[in-house]
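1. Sequence plus the predicted model coming up.
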Amino acid sequence: MASSSPTRKQLLESAQALCSAFAAKADVDTLLSHFSSTHQISAFEHGLPVLAPFLGRPFLRRTGDNSVASYFELLRKYLTFDDMAFRGWVVDADACKVSVKGSAKFTWTEGVGKGESWEEEFVYMLDFDQNAKVTDCEVWADSGAAYLARRGELKQVTEGKDNRDEDQSDTQTLVGKD
């Protein structure tokens, strides 16, 4: 029986289309159009959930609470970005996966951290169905920068005004304690 898996070219084109739409700040419906309609879909951005509302929890389904749509809506609520670019595409046609490195300047848009910005590099890993539509989107990004920006502390830390010693001597080591 012949496999109906997408080709390397189809996977790459689909991944590039989603990333281009995201970089162009497309609306949520446009972003969702790049996701499968035949499989359960998910988005997961790695990090501790206490650091930012969009981190560390799975967003499942197309719509509703804790859905992929709500993930994109949370990103829009808390972040803006400029100069997003993607490079270093890695396609595994056998596994139907594409990984890519991205970069952008992000700005927190809510609360005490409103206006705090940082340059960041991040990684997407995208899984695809037999139609070269995204089923799962995993993101690895700088959750520490997002957390500090959210608290309004990023600028003082990055400019060295956090009153901590450079050697981080305030860090405790718990090695060899019985």
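-> Cool, the structure landed.

2. Which residues does the strand of greatest length in the chain contact?
-> Counting by DSSP state E, the longest strand found in the chain is strand 79-92. The contact list for strand 79-92 (CB atoms under 8 Å, 6 or more residues apart in numbering) reads 8, 11-12, 15-16, 19, 22-23, 97-109, 146. Backbone N, C-alpha and C define where each C-beta goes, glycine included.

3. For the biggest helix by length in the chain, enumerate the helices and strands it packs against.
-> The helix spanning the most residues in the chain, taking DSSP state H as the definition, is helix 8-23. Using 3 or more CB pairs under 8 Å, 6 or more residues apart in numbering; DSSP states H and E as the contact test, the elements touching helix 8-23 are helix 28-32, strand 79-92, strand 97-108, strand 117-128, strand 134-140.

4. Grab the CA positions of the second one and hand them over as CSV.
-> Backbone C-alpha positions of strand 79-92 (Å, rounded to 0.1, in the frame of the first residue of the first chain) are rendered in CSV as follows:
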residue,chain,number,x,y,z
LEU,A,79,2.9,40.7,22.8
THR,A,80,3.7,42.6,19.7
PHE,A,81,6.7,42.0,17.5
ASP,A,82,8.7,43.5,14.8
ASP,A,83,11.3,42.2,12.2
MET,A,84,10.3,38.6,12.5
ALA,A,85,12.4,36.3,10.3
PHE,A,86,12.9,32.6,9.9
ARG,A,87,15.9,30.6,8.8
GLY,A,88,17.6,27.2,9.1
TRP,A,89,14.7,25.1,8.0
VAL,A,90,15.0,21.4,8.8
VAL,A,91,12.6,19.0,7.1
ASP,A,92,12.1,15.4,8.1
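
5. about what we covered before: mind checking which of the contacts of strand 79-92 are buried?
-> 11-12, 15, 19, 22-23, 97-100, 102, 104, 106-108, 146 (16 or more other CB atoms under 10 Å).

6. Measure how far the longest helix of the chain is from the centre of its chain, please.
-> Relative to its parent chain, helix 8-23 has a centroid offset of 15 Å by CA atoms, centre = their mean, to the nearest Å.

7. got the angle for that helix vs strand 79-92?
-> Inter-element angle recorded for helix 8-23 and strand 79-92: 170 degrees (by axes from the mean of the first three to the mean of the last three CA atoms, to 10 degrees).

8. mean confidence for helix 8-23?
-> When pLDDT is averaged along helix 8-23, the result is 98.
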